[in-house]
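A.B. asks: I would like the atomic coordinates for the input below:
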Amino acid sequence: MHMTYTTSNTANELVNAFQSLDVDQQLALFFYIYKEMGNSITPAAPGASTVSPEIAEALFNQVNYSGG
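C.D. replies: Numbering: from 1, shown residues only. The predicted structure is shown next:
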């Protein structure tokens, strides 16, 4: 099986611009996007995740405890 894909210079430029930001700027951008999206973000249905519960819990704990 051979997969083909196309790339967009605009998309690559956006990714490069995002990656050139420091961590605080990246987080601020994510926060701004989140706030602008408002109520259009909805939680996933229970059981919809394809991530194992152990991985999900580990990621949650990593984020939850990293701030303090």
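A.B. asks: Check this structure and tell me which residue is nearest its centre.
C.D. replies: Closest residue to the average C-alpha location of the chain: F30 at 8.1 Å, with Cα atoms, centre = their mean.
A.B. asks: buried sites along the helix or strand hosting that residue?
C.D. replies: Using DSSP states H and E, F30 falls within helix 23-37. Judged by neighbour count (16 or more other Cβ atoms under 10 Å), helix 23-37 contains no buried residues. (Glycine included, C-beta is placed from N, CA and C.)
A.B. asks: where's that helix relative to the chain centroid, distance-wise?
C.D. replies: 10 Å (Cα atoms, centre = their mean, to the nearest Å).
A.B. asks: how much space is there between the nearest residue to Q26 once chain neighbours are set aside and A48?
C.D. replies: Excluding the flanking residues, the one nearest Q26 by Cβ to Cβ, 6 or more residues apart in numbering is F18, at 6.6 Å. From F18 across to A48, the span is 27 Å (Cβ to Cβ, to the nearest Å).
A.B. asks: and what of A58?
C.D. replies: For A58, the distance to A48 - Cβ to Cβ - is 19 Å.
A.B. asks: Same drill for those two, tell me which one is more crowded.
C.D. replies: Neighbours per residue, other Cβ atoms under 10 Å: of A58 and A48, the larger number sits with A58, 12 against 7.
A.B. asks: in whichever strand or helix holds the more buried one, what counts as buried?
C.D. replies: Assigned by DSSP H and E, A58 falls within helix 53-66. Of all the residues in helix 53-66, not one is buried under the rule 16+ other Cβ under 10 Å.
A.B. asks: Run the chain-centre distance for that helix.
C.D. replies: For helix 53-66 - counting by Cα atoms, centre = their mean - the centre lies 15 Å from the chain centre.
A.B. asks: Ok, stretch 32-41 next?
C.D. replies: Using Cα atoms, centre = their mean, the offset of stretch 32-41 from its chain centre is 13 Å.
A.B. asks: Please save the CA atoms from it in CSV.
C.D. replies: Extracted C-alpha coordinates of stretch 32-41, given in CSV (Å, rounded to 0.1, in the frame of the first residue of the first chain):
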residue,chain,number,x,y,z
TYR,A,32,-6.7,32.2,23.1
ILE,A,33,-7.9,29.7,20.6
TYR,A,34,-9.8,27.8,23.3
LYS,A,35,-11.5,31.0,24.5
GLU,A,36,-12.4,32.0,21.0
MET,A,37,-14.0,28.6,20.3
GLY,A,38,-16.2,29.0,23.3
ASN,A,39,-19.0,26.5,23.6
SER,A,40,-18.2,24.8,20.3
ILE,A,41,-15.9,22.4,22.2
